[in-house]
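**Q** Could you work out the structure for the sequence below:
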Amino acid sequence: MGRLAKWMVVGIAVLALAGCAGSAKKNAKAGAGGEWAAGAGGAETTPLGEGGGLRGDEWGAVEGANAGNNAYGSPSDPRAAALQSQVIYFEYDSSVVGPQYLEVVRTHGEYLKKNPGARANLEGHTDERGSREYNIALAQRRSDAVMQLLIAQGVSASQLSSVSFGEEKPAAYGNGEDAWAKNRRVEVRYAQ
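**A** Numbering: from 1, shown residues only. Below is the predicted model:
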């Protein structure tokens, strides 16, 4: 077998194992009691930026963390509206949280401080432009920027985790500024 063929076989095997490992982690989270609020059975969901908000299972996580303290106790609570804004969008090639999203971040920080048992995962994303490696790093900088703002507000770092998906989980498909703008984001996901 030629040298190139050997490397191709090794590469395919590595990709297959990486895919299996990702599925195993996702399935382990879906089967455990402490999974991220990603929908029934751990299924992936679409971002909540357009007319979305917390789904029923996510409200269960928010309400459960609020039991007995009357903060953000129901979807009709005016403060809860900001918690429904779970997507923070970014400008092209930037990891700076825009001023229009500071109130959203502040409200999430206030909620997390009042509910020390609540945990949030900050999922960073990019559009498809740029290399895979660059996009992974940029998405990480975006989720870290949101995390640093939350920590600066007094949220415990143990309540937060940050992950980068780069361009791998687009919110919108297509080539053009409309689709790209929806993909440059950090999604705030609460743990159950």
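**Q** Kindly report the domain assignment for the protein.
**A** Under the assignment automatic domain parsing, the domains of the chain span 1-32, 36-190.
**Q** and residue 116, how many neighbours does it have?
**A** 12 (other Cβ atoms under 10 Å). Where you see a C-beta, it was placed from the backbone N, CA and C, and this is true even at glycine.
**Q** Run a quick check on residue 186 versus residue 126, I expect a contact.
**A** No. Counting by Cβ atoms under 8 Å, residue 186 does not reach residue 126; the two are 10.4 Å apart.
**Q** Setting the sequence-adjacent residues aside, check what's closest to residue 96.
**A** residue 145 (6.8 Å; Cβ to Cβ, 6 or more residues apart in numbering).
**Q** Hmm, residue 95 and the one you found touching each other?
**A** Yes. Under the criterion of Cβ under 8 Å, residue 145 makes contact with residue 95 at 4.9 Å.
**Q** returning to that earlier point: between residue 186 and residue 126, which is the more surrounded one?
**A** Higher neighbour count among residue 186 and residue 126: residue 126, with 30 against 27, using other Cβ under 10 Å.
**Q** How about the contacts made by the more buried one?
**A** Shown in contact with residue 126 (Cβ atoms under 8 Å, 6 or more residues apart in numbering): 135, 138-139, 142, 166-167, 183-184.
**Q** repeat that for 10 Å
**A** Neighbour list for residue 126: 90, 92-93, 95, 132, 134-142, 164-168, 170, 180, 183-185 [criterion: Cβ atoms under 10 Å, 6 or more residues apart in numbering].
**Q** pull the helix or strand with minimum mean pLDDT from this protein.
**A** Across the helices and strands of the chain, mean pLDDT, DSSP states H and E gives its lowest value to helix 56-66, namely a mean of 43.
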